[in-house]
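S.K.: give the three-dimensional model of this entry:
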Amino acid sequence: MTLPTPSEGEVPLAVNSIGVGDGESMPAEPPNELIYRHQARVRRSLAALWASRDIVYTLAERDIRAQYKQATLGLLWALIFPLAMLGIFTIIFSRTASNGIPGIPYPIFAYIGILCWTFFSGSFGTGGTSLLTNNALMSKTQFPRECFPLESILVTAVNSVLAWIPLVLLFVLYRFVPYPTTAWAPLLILIELAFTIGVTVGVSALIIQMRDLAQVLPIVIMLGLFATPVIWQFKRVPAKWQIVYGFVSPLGPVIDDFRRTMLLGLNPAWGPLLAAIAGAIFYLVLGYRIFKRLEVNFADIA
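M.R.: Residues are numbered from 1 along each chain as shown. Predicted coordinates for the structure are as follows:
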């Protein structure tokens with residue numbers, strides 16, 4: 001077929017620019033770089049996320065209201081779960097001297113570990129599946145997808161703040177006064193928060209791609225409870241492996257240093273703690289990178 005020659009003053013048809021007569025230029029599927037190699041500008045993404053912070057607060061308020069609206073005990077449920085764990089651990093593990101710190105009441109020792117663990121496990125469990133549970137809303141909105149796992153973490157953080165009330169009561173009951181070195185606590189909280197955000201955000205993106213991970217998540221949380229020094233002392237990890245452990249699982253040094261600073265009046269053990277800081281930053285960067293790589297097709301496959 002011969003295309004007509006444009007007359008004077010007419011613009012020639014850009015045949016190849018629209019793919020007419022060139023079937024090979026139009027792929028059957030989107031190229032991989034649009035999905036698995038999607039590049040997002042971090043600065044622009046973070047700016048958009050900060051501009052959408054009110055959405056995170058709104059979603060978190062929605063979930064908190066839904067969580068306690070029809071519950072008879074209301075916010076008391078935020079206290080019942082960690083206290084139930086404390087009762088079980090005290091009955092089963094308090095008789096083993098190597099599990100606690102000599103001279104420190106075991107309920108105080110264990111409850112500090114429980115507080116750190118329940119924040120991570122609660123955020124990881126709900127935030128990891130947050131994109132699935134909000135798939136209907138995600139397909140109809142345009143705000144940053146990170147808002148969903150972040151609001152789950154915020155809801156868990158609110159519950160964790162309430163769960164600190166029993167710790168204060170335990171201090172009063174056992175007449176124990178925390179040491180001034182407790183001032184290191186904000187740093188330890190920041191490390192755990194960075195680690196939790198990184199792992200939760202990254203896993204939430206992977207679960208969208210591989211749904212079987214949602215079934216594996218509770219198993220990982222259950223095993224992690226016993227692999228983390230919640231009910232045992234961190235010193236049971238051989239000294240030569242403590243730095244490696246701190247990088248792989250920053251929660252270990254965080255829990256240990258909460259106990260060192262709050263209960264013993266010691267400064268943090270800097271070797272494992274620095275490894276935990278490096279590990280938390282690594283997980284935060286890796287998790288966010290995975291999320292931004294995969295987010296381009298969340299709404300299509302959720």
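S.K.: quick check: which element contains the residue nearest to residue 184 when sequence neighbours are not counted?
M.R.: Closest residue in space to residue 184, ignoring its immediate chain neighbours: residue 261 at 4.6 Å, by C-beta to C-beta, 6 or more residues apart in numbering. C-beta here means a position set from N, CA and C on the backbone, and glycine is covered the same way. Residue 261 is located in helix 251-263, with elements delineated by DSSP states H and E.
S.K.: mean confidence for that helix?
M.R.: Across helix 251-263, pLDDT averages out at 95.
S.K.: pull the residues that contact it.
M.R.: 101, 104, 108-109, 112-113, 116-117, 120, 176, 178-179, 181-185, 188, 191-192, 195, 228-230, 233-235, 237, 242, 245-246, 266-269, 272-273, 275-276 (C-beta atoms under 8 Å, 6 or more residues apart in numbering).
S.K.: quick one: buried residues of the following helix or strand past it?
M.R.: Once helix 251-263 ends, the next helix or strand along the chain (criterion: DSSP H and E) is helix 270-294. The neighbour-count check on helix 270-294 (16 or more other C-beta atoms under 10 Å) flags 272-273, 275-277, 279-280, 282-284, 287-292, 294 as buried.
S.K.: also stretch 90-104?
M.R.: 90, 93, 94, 99, 100, 101, 104.
S.K.: mind putting these into a markdown table with distance to residue 171?
M.R.: Below are these laid out as a markdown table (distance: C-beta to C-beta, whole Å):
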| residue | distance to residue 171 |
| --- | --- |
| 90 | 16 |
| 93 | 21 |
| 94 | 18 |
| 99 | 20 |
| 100 | 16 |
| 101 | 15 |
| 104 | 11 |
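S.K.: which residues touch the residue nearest to residue 276 when sequence neighbours are not counted?
M.R.: Closest residue in space to residue 276, ignoring its immediate chain neighbours: residue 250 at 3.7 Å, by C-beta to C-beta, 6+ apart. Residue 250 makes contact with 191, 192, 195, 275, 276, 277, 279, 280, 283, according to C-beta under 8 Å, 6+ apart.
S.K.: who's in contact with the third one?
M.R.: When contacts are counted by C-beta under 8 Å, 6+ apart, residue 195 is found next to 120, 250, 251, 276, 279, 280, 283, 284.
S.K.: in terms of helices and strands, where is residue 206?
M.R.: Per DSSP H and E: helix 185-209 holds residue 206.
S.K.: same thing with residue 222?
M.R.: Per DSSP H and E: residue 222 is located in helix 213-227.
S.K.: elements contacting that helix?
M.R.: Counting contacts by 3 or more C-beta pairs under 8 Å, 6 or more residues apart in numbering; DSSP states H and E, helix 213-227 is packed against helix 106-128, helix 185-209.
S.K.: what sits up against it?
M.R.: With contact meaning C-beta under 8 Å, 6+ apart, helix 213-227 is reached by 117, 121, 124, 125, 128, 129, 132, 203, 206, 207, 249.
S.K.: now do it and helix 106-128, the angle between them.
M.R.: Orientation check (axes from the mean of the first three to the mean of the last three C-alpha atoms, to 10 degrees): helix 213-227 against helix 106-128 gives 160 degrees.
S.K.: in the following helix or strand past helix 213-227, what's buried?
M.R.: Scanning forward in sequence from helix 213-227 by DSSP H and E, the next helix or strand is helix 242-248. By 16+ other C-beta under 10 Å, the buried positions in helix 242-248 come out as 242, 243, 245, 246, 247, 248.
S.K.: pLDDT added to those, as TSV?
M.R.: Below are the buried residues of helix 242-248 laid out as TSV (pLDDT from 0 to 100):
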residue	pLDDT
242	94
243	95
245	95
246	94
247	96
248	94
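S.K.: ok, those vs residue 163, which is closest?
M.R.: Nearest to residue 163 among the buried residues of helix 242-248: residue 246, at 24.6 Å, using C-beta to C-beta.
S.K.: could you measure from that closest one over to residue 184?
M.R.: Distance, residue 246 to residue 184, using C-beta to C-beta, to the nearest Å: 15 Å.
S.K.: likewise for residue 65?
M.R.: Computed as C-beta to C-beta, the residue 65 to residue 184 distance reads 35 Å.
S.K.: neighbour count winner among these two?
M.R.: The neighbour comparison of residue 65 against residue 184 (other C-beta atoms under 10 Å) goes to residue 184, with 18 against 9.
S.K.: got the contact list for the more buried one?
M.R.: Contact analysis of residue 184 by C-beta under 8 Å, 6+ apart lists 257, 261, 267, 268.
S.K.: buried ones among those?
M.R.: For the contacts of residue 184, a burial check counting by 16+ other C-beta under 10 Å picks out 257, 261, 268.
S.K.: can you add distance to residue 158 and give those residues back as JSON lines?
M.R.: Formatted as JSON lines, the entries for those read as follows, by distance: C-beta to C-beta, whole Å:
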{"residue": "257", "distance to residue 158": "24"}
{"residue": "261", "distance to residue 158": "24"}
{"residue": "268", "distance to residue 158": "27"}
